[in-house]
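Q: the following comprises the amino acid sequence and a computationally predicted model.
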Amino acid sequence: MSIPSDTPVNIVGAGLAGALLAVLLARRGYPVALYERRPDPRQSKPERGRSINLALAARGMRALERAAVLERIRPLLIPMRGRMVHELSGKTSLQAYGQREHEVIYSVGRGELNRVLIEEAVRHPRVTVAFNQQCLGADPSRNVLRLRDQLTGSEREVTLTPTIATDGAGSAVRSSLAARGLMTVREEWLDHDYKEFTIPAAADGRHPLQREALHIWPRGGFMLIALPNTDGSFTATLFLARSGGAASFAALTSPELAAQFFAREFPDALALTPDMRADFAQHPQGQLGSVHAAPWHLDGQLLLLGDAAHAIVPFHGQGMNAAFEDCLALDALLDAHDSWDTVFDEFEALRRPNAAAIAQMAVENYTEMRDTVLDARYLRRKAIAMGLERRFPGRFIPRYSMVMFHPEIPYAEALRRGSVQAQILAELDSGAVAAESPLAEKLVNEQLAPLTSLR
């Protein structure tokens, strides 16, 4: 450990990234003070209607393994081996995510995962967690972090250096720095929103849909998805335009109109959702967007990490995984540098291009999920890609697989290689050329360097 561990590290936000980071820092001997705006999740029920079930993949699992908490989390995980596509006719088909046994992603409940990570953090004697502490902002000129106790209303200040802000897409720390002109923030909001619904367990407690799949009802410009929970239920999420025509939230002005919309577009899902009208009325309509901030750090005083630095839309299932990978990257940099200033500077240089890449791929994946998963050309090229991966495993890996199953491949490299591979697939598909052809071998060998060079 190069940086002396006698100075406490503040972490603003005890959500998933903040709690995991606290564990990693505590394992190195740092005293950590966690401040969280919400009540203690170990003593309160999780907020309903805003979770968008989480998909844990290889990048996040590697970080959890590094923190020695993965085995505690495994009982919370449900493997999802592919997308179960529900057509309007009622026909279903499973599109596997990968072609190897281990190539699965895992559904996990946000609340339970957060609880385990906080429990692991407070097991370390040098970690303290203060809940109901609203961050009022950071004042770098005075080197203080301002907090308000939401139960008593009292305000206090703590020394800022060093502070790591993991307080999410709506980061109070980021907002306070932007207000002081210390960073620029750009928010790109989608014109689509979301709302959650519950598909309850069957009468015998089993899942009413196939358990080991992410279910998707693609309908062109919108979609419904459902992820399994350990209690036999599914959390379903409708992604729909905010306004503009009959297929928009603006047109669904009552639970009854929403039920009619479901009956028309998702009749099989509606039959499994007895509380659909109540969920529509009670659950909030959430917004979706990407956050771009610059810079992410102020010398050695403060660093933004995870969603606070680079929130993304949820359509690649990588928001949590990218934040966990941030934690892993920061942890590794502590071995190579002797000051928080150099650690924060190197962290931003390392992670910024990867954050930009996954933000782009997440938006692109929304179009794929809602529009193209039933398209004949998409299915042809997916089959060619699988064949190329089998034939050239050291050179060709589908972009989705690079992102989800290959944490050794940076997001930015997955985006770059994915673009090259898309051109190869288009050329092979246009000539109806199989993955086994000499042309396929020529294109792959000429345009894709061996993946071993990335390790």
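A: Looks like it came in fine. Please read all numbers here as calculations on a predicted model, not as lab measurements. Numbering: from 1, shown residues only.
Q: quick check: mean pLDDT of the host helix or strand of residue 11?
A: Per DSSP states H and E, residue 11 falls inside strand 9-12. Across strand 9-12, pLDDT averages out at 98.
Q: what's the answer for stretch 120-135, then?
A: 97.
Q: contacts for it?
A: Applying C-beta atoms under 8 Å, 6 or more residues apart in numbering, the external contacts of stretch 120-135 come out as 12, 14, 19, 22-23, 26-27, 29-40, 67, 69, 72, 118, 145-151, 167, 172-173. Using the backbone N, CA and C atoms, a C-beta is placed for each residue, glycine as well.
Q: looking at this, residue 3 is in a helix?
A: No - counting by DSSP: H, G, I helix; E, B strand; the rest coil, residue 3 is not part of a helix but coil.
Q: so the nearest residue to residue 80 once chain neighbours are set aside bridges to which residues?
A: Closest residue in space to residue 80, ignoring its immediate chain neighbours: residue 214 at 4.8 Å, by C-beta to C-beta, 6 or more residues apart in numbering. Beta-bridge pairing of residue 214 under DSSP bridges involves residue 83.
Q: right, and residue 214 touches residue 234 too?
A: No - the pair residue 214 and residue 234 fails to qualify as a contact (C-beta atoms under 8 Å) at a distance of 9.9 Å.
Q: what about the residue nearest to residue 69 when sequence neighbours are not counted, which SS state?
A: With C-beta to C-beta, 6+ apart as the criterion, residue 69 has its nearest non-adjacent residue at 5.0 Å, and that residue is residue 120. Under three-state DSSP, residue 120 falls in the helix class.
Q: could you list the low-pLDDT ranges of the protein?
A: The chain contains residues with pLDDT under 70 at 1-2, 46-52, 453-455.
Q: domain map for it?
A: According to automatic domain parsing, the chain comprises the domains 9-80+104-187+290-365, 189-287, 375-454.
Q: let me know which of those domains is tucked in deepest.
A: With neighbours taken as mean count of other C-beta atoms under 10 Å, the domains of the chain reach their highest mean count in domain 9-80+104-187+290-365, at a mean of 20.
Q: and for residue 214 and residue 234, which residues touch both?
A: Overlap of the contact sets of residue 214 and residue 234 (by C-beta under 8 Å, 6+ apart) consists of 226, 227.
Q: just give me the longest strand of this protein.
A: Ordering each strand of the chain by length in residues (DSSP state E) puts strand 184-199 first.
Q: may I have that one as PDB, with CA atoms only?
A: Output in PDB follows, covering the C-alpha atoms of strand 184-199 (Å, rounded to 0.1, in the frame of the first residue of the first chain):
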ATOM      1  CA  THR A 184     -19.300  20.900 -16.500                       C
ATOM      2  CA  VAL A 185     -22.300  18.500 -16.600                       C
ATOM      3  CA  ARG A 186     -24.300  17.400 -19.600                       C
ATOM      4  CA  GLU A 187     -27.400  15.300 -19.200                       C
ATOM      5  CA  GLU A 188     -28.800  13.500 -22.200                       C
ATOM      6  CA  TRP A 189     -32.400  12.400 -21.500                       C
ATOM      7  CA  LEU A 190     -34.100   9.800 -23.600                       C
ATOM      8  CA  ASP A 191     -37.600  10.700 -24.800                       C
ATOM      9  CA  HIS A 192     -38.700   7.400 -23.300                       C
ATOM     10  CA  ASP A 193     -39.600   6.800 -19.600                       C
ATOM     11  CA  TYR A 194     -40.200   3.600 -17.600                       C
ATOM     12  CA  LYS A 195     -42.700   2.200 -15.100                       C
ATOM     13  CA  GLU A 196     -42.500  -1.000 -13.000                       C
ATOM     14  CA  PHE A 197     -45.000  -3.700 -12.500                       C
ATOM     15  CA  THR A 198     -45.000  -7.000 -10.500                       C
ATOM     16  CA  ILE A 199     -45.800 -10.400 -11.900                       C
END
